[in-house]
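*Asks:* with the sequence up front, the predicted model follows.
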Amino acid sequence: MPELAELKLSAQYINESCKGKIFDNIKKNPVHKGHEVHPPLDATVYSDRVRIEFTIKAESRGKEMLLHINDSTLKFTFGMSGHFKMTKTGEERKHSHLMFYTKDGYTLSFVDVRRFGKWKWDTWGKARGFDPTIDYKDFCKDIQENLHQRAFDRPIGEALLNQRYFNGIGNYLRAEILYKADQNPFESARDAITNNPKILAYCNSIPLEAFVLGGGQLKQWENPFGVEPDRFTKWMKCYGNQGMKTVKDRNGRRLWFDPKWKN
DNA sequence: CGTCCACGTCTAC
DNA sequence: TAGACCTGGACGG
């Protein structure tokens, strides 16, 4: 997906573009099989002729995002192509699937070409770990305290996609973290984490670097801030680079790594 | 035309 | 540990 940096950028984008906005309606694109979403009930409004008004604030952790809609939270995951876009009402992008309408003629849309993204009235997923950029100490503590678990028998290259411990790390971030840490991706996660402290440190700093750069300029994710497309691809030193090797991991995902490591 | 590939989960055998 | 879920861009014939 959109990985940690893109979720964080999306939250920032939503908070900036929704600042001071009052919303009064929500619609779902009927082509999408996801949950219908209605504005939360407002106990102070009794007449059905009065539209329920609400505000929107966003918060991200790892690969999840909460939209605070008055006192309720709508949780999103972005799949491979989800993102948010504020437009004038009537100018919504193709593949907009959940639309939030302001009283003054704007629409905040959840846009998702492939429709792998999801939403639900919910809070943070219990099966996900700490965001390494927000709660770095807890992120490290959680991993250190659970190093004996079977999950850390796996090669570090695979374990880095385990969202129970590495919430927010995705395919490009794992490649960049391993590469910059000079880490053999096929060593067991337990040994790698024990012997190479750079791994956990880079789970914090590399997503933050991607965030500062304006996030992924890969095909399926439209950067809401319109950063120059080149900067991000130049920043990536491993993922997608010529001269790097790839192998399909256990989940069929392509793991990018320095060819000096033999698998 | 066709085949392969893509920043991710899910759930079913 | 395969598919399933989806669209569309790149590239080959």
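*Replies:* Received the coordinates, thanks. Everything quoted here is computed from the prediction, not taken from an experiment.
*Asks:* and residue A:3, how many neighbours?
*Replies:* Using other Cβ atoms under 10 Å, residue A:3 has 23 neighbouring residues. Glycine gets a C-beta too; all of them are placed from N, C-alpha and C.
*Asks:* how far away is the closest residue to residue A:39 other than its chain neighbours from DNA strand B?
*Replies:* The shortest distance from residue A:39 to any non-neighbouring residue, by Cβ to Cβ, 6 or more residues apart in numbering, is to residue A:52 (4.3 Å). Residue A:52 sits 28 Å away from DNA strand B, going by Cβ to the nearest atom of the strand, to the nearest Å.
*Asks:* and residue A:85, by the same measure?
*Replies:* Here residue A:85 is placed at a distance of 15 Å from DNA strand B (Cβ to the nearest atom of the strand).
*Asks:* and that residue, helix, strand or coil?
*Replies:* strand (DSSP: H, G, I helix; E, B strand; the rest coil).
*Asks:* so what's it bridging to?
*Replies:* When bridges are called by DSSP bridges, residue A:85 pairs up with residue A:109.
*Asks:* what's the burial count for the residue in the stretch 1-150 of chain A that DNA strand C sits nearest to?
*Replies:* Residue of the stretch 1-150 of chain A nearest DNA strand C, by Cβ to the nearest atom of the strand: residue A:114 (3.4 Å). The number of residues packed around residue A:114, counting by other Cβ under 10 Å, is 12.
*Asks:* next one: residue A:263
*Replies:* Considering only other Cβ under 10 Å, residue A:263 is surrounded by 11 other residues.
*Asks:* the residue of the stretch 1-150 of chain A closest to DNA strand C looks like it's in a helix, true?
*Replies:* No. Counting by three-state DSSP, residue A:114 falls outside a helix, being coil.
*Asks:* hmm, residue A:97 and it touching each other?
*Replies:* No. In this structure, residue A:114 is not within contact of residue A:97 by Cβ atoms under 8 Å, at 10.7 Å.
*Asks:* any idea how far DNA strand B is from the residue of the stretch 1-150 of chain A closest to DNA strand C?
*Replies:* Residue A:114 is 6 Å from DNA strand B, by Cβ to the nearest atom of the strand.
*Asks:* now swap in residue A:9 and tell me
*Replies:* Applying Cβ to the nearest atom of the strand to residue A:9 and DNA strand B gives a distance of 10 Å.
*Asks:* please, which helix or strand holds that residue?
*Replies:* Following DSSP states H and E, the helix or strand that holds residue A:9 is helix A:4-17.
*Asks:* in that helix, what counts as buried?
*Replies:* Buried residues in helix A:4-17, counted by 16 or more other Cβ atoms under 10 Å: A:4, A:5, A:6, A:7, A:8, A:9, A:10, A:11, A:13, A:14, A:17.
*Asks:* how about JSON lines for those residues, with pLDDT added?
*Replies:* Below are those laid out as JSON lines (pLDDT from 0 to 100):
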{"residue": "A:4", "pLDDT": "97"}
{"residue": "A:5", "pLDDT": "96"}
{"residue": "A:6", "pLDDT": "95"}
{"residue": "A:7", "pLDDT": "96"}
{"residue": "A:8", "pLDDT": "96"}
{"residue": "A:9", "pLDDT": "94"}
{"residue": "A:10", "pLDDT": "95"}
{"residue": "A:11", "pLDDT": "97"}
{"residue": "A:13", "pLDDT": "94"}
{"residue": "A:14", "pLDDT": "97"}
{"residue": "A:17", "pLDDT": "96"}
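*Asks:* just the closest of those to residue A:152, please.
*Replies:* Residue A:152 has its nearest neighbour among the buried residues of helix A:4-17 in residue A:4, at 20.5 Å by Cβ to Cβ.
*Asks:* pretty sure that closest one contacts residue A:134?
*Replies:* No. Counting by Cβ under 8 Å, residue A:4 does not reach residue A:134; the two are 9.6 Å apart.
*Asks:* so what sits against both of the two?
*Replies:* By Cβ atoms under 8 Å, 6 or more residues apart in numbering, residue A:4 and residue A:134 have no common neighbours.
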